[in-house]
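J.: quick one: sequence plus predicted model below, questions after.
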Amino acid sequence: MDKVRKISINLENLLIICYGIFNSPNLSNAFFHGLPVPMKSIKTKLKLNNQQKTILAKHAGVARHAYNWGLATCIKEYEETKKRPSAITLHKRLVAEVKSINPWYYEVSKCAPQQALRDLDRAFKNFLTIPERGFPKFKKKGRKDSFYLEGSIKIFQGNYIQLPRIGVVKTYEILPPVPVKNVTVASFRGASLTKKADSWYISFKYNFEPCPTEKARETIGVDIGINTLATCSDGTKFANVKAYRQAKKRLVRHQRAVSKKVIGSKNRRKAVKKLAKLHKKVADIRADALHKLTSWLAKNHSTIVIEV
């Protein structure tokens, strides 16, 4: 019964995608002529309750455990046989050796450990083919936690998205009403001074039809400065927000509070969380100013010239 339901859901998603392609002139031309279909990505913050945060943390924990187990297994196998098992072989061994003794694996979606092993396989390939990439490292709890989901994913009522094994979660932003095949959920939180501070984000890609905007002028030059963020050739100036300077005193105060707490204590974790939130606020102010500048340039000008 579950297989029949899964097949029907997949057929439903396929029909939705085909309907969108055939009813869009640009997408249908790209589809039939073998051209790449234009895609757009979105990343937005999730509005979660404590129960949902616990479920997401379980998924990230399983993905991290599978990745670390796979890395340890690959190192051991290579030392003994000089060969590294593939992602498929690792997944078969994971089901036989790990899931049987760790029942909490069955509390989350199977996509989380599967994608973690694929990521490990890609990390080894990058290490062997790209000189700048180092050897894969073991993941640590609270450091860039993330996991991957696919299956029955639906967007409804603007800012609600239904995820497999998790349920309906709410987002802070309005999502595009498009069919979604897979998503990545990530948390940039933990003891390190990251810039996301205990927040969960969801990201996915979708097909879209570009809509050209009317341009105010053909060409514009942009000079990036210090006193001003950018000065354009038509005289338009964008002020530098100087977010760090405005928050410097508070950052010093929070950093001093962290240094006075005992390492490993709950009070230190609370102080780190407050400091991380302030760092996130500074980063968000900077990103907001850059997004407004680049959006204005892209929407109103055909050619943008920047001094190198």
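T.: Good, I have the coordinates.
J.: just the strands in the stretch 1-150 of the chain please.
T.: Applying DSSP state E, counting those that start in this stretch to the stretch 1-150 of the chain gives strands spanning 39-47, 145-150.
J.: which one of these lies closest to residue 237?
T.: Of all these, it is strand 39-47 that lies closest to residue 237, at 29.6 Å by C-beta to C-beta. (C-beta placed from N, C-alpha, C; glycine too.)
J.: strands of the stretch 201-308 of the chain, residue ranges please.
T.: Using DSSP E, counting those that start in this stretch, strands in the stretch 201-308 of the chain cover 217-224, 228-232, 237-239, 301-306.
J.: what's around residue 163, how many residues?
T.: Residues near residue 163, counting by other C-beta atoms under 10 Å, number 24.
J.: next: residue 81.
T.: When neighbours are counted by other C-beta under 10 Å, residue 81 comes out with 9.
J.: could you do residue 259 as well?
T.: Applying other C-beta under 10 Å, we find 10 other residues in the vicinity of residue 259.
J.: per-residue confidence for it?
T.: We have a pLDDT of 95 for residue 259.
J.: what's the answer for residue 32, then?
T.: What the model reports as pLDDT for residue 32 is 43.
J.: nearest to residue 187, of the strands of the stretch 201-308 of the chain?
T.: With C-beta to C-beta as the criterion, residue 187 lies closest to strand 228-232 of the strands of the stretch 201-308 of the chain, at 30.3 Å.
J.: which one of the strands of the stretch 1-150 of the chain has the most crowded surroundings?
T.: Mean neighbour count, computed with mean count of other C-beta atoms under 10 Å, is highest for strand 145-150 among the strands of the stretch 1-150 of the chain, reaching a mean of 22.
J.: give me the contacts around that one.
T.: In this structure, residues lying in contact with strand 145-150 by C-beta atoms under 8 Å, 6 or more residues apart in numbering are 56-57, 59-64, 109, 111-112, 114-116, 163-166, 181-187, 189-190.
J.: can you say which of these are buried?
T.: When those are checked for burial by 16 or more other C-beta atoms under 10 Å, the buried set is 56-57, 59-64, 109, 111-112, 114-116, 163, 165-166, 183-187, 189-190.
J.: before we move on, the earlier item: can you lay out the strands of the stretch 201-308 of the chain as a markdown table showing distance to residue 132 and mean pLDDT?
T.: As requested, the strands of the stretch 201-308 of the chain are exported to a markdown table (distance: least, C-beta to C-beta, whole Å; pLDDT from 0 to 100):
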| stretch | distance to residue 132 | mean pLDDT |
| --- | --- | --- |
| strand 217-224 | 27 | 88 |
| strand 228-232 | 31 | 90 |
| strand 237-239 | 34 | 90 |
| strand 301-306 | 26 | 89 |
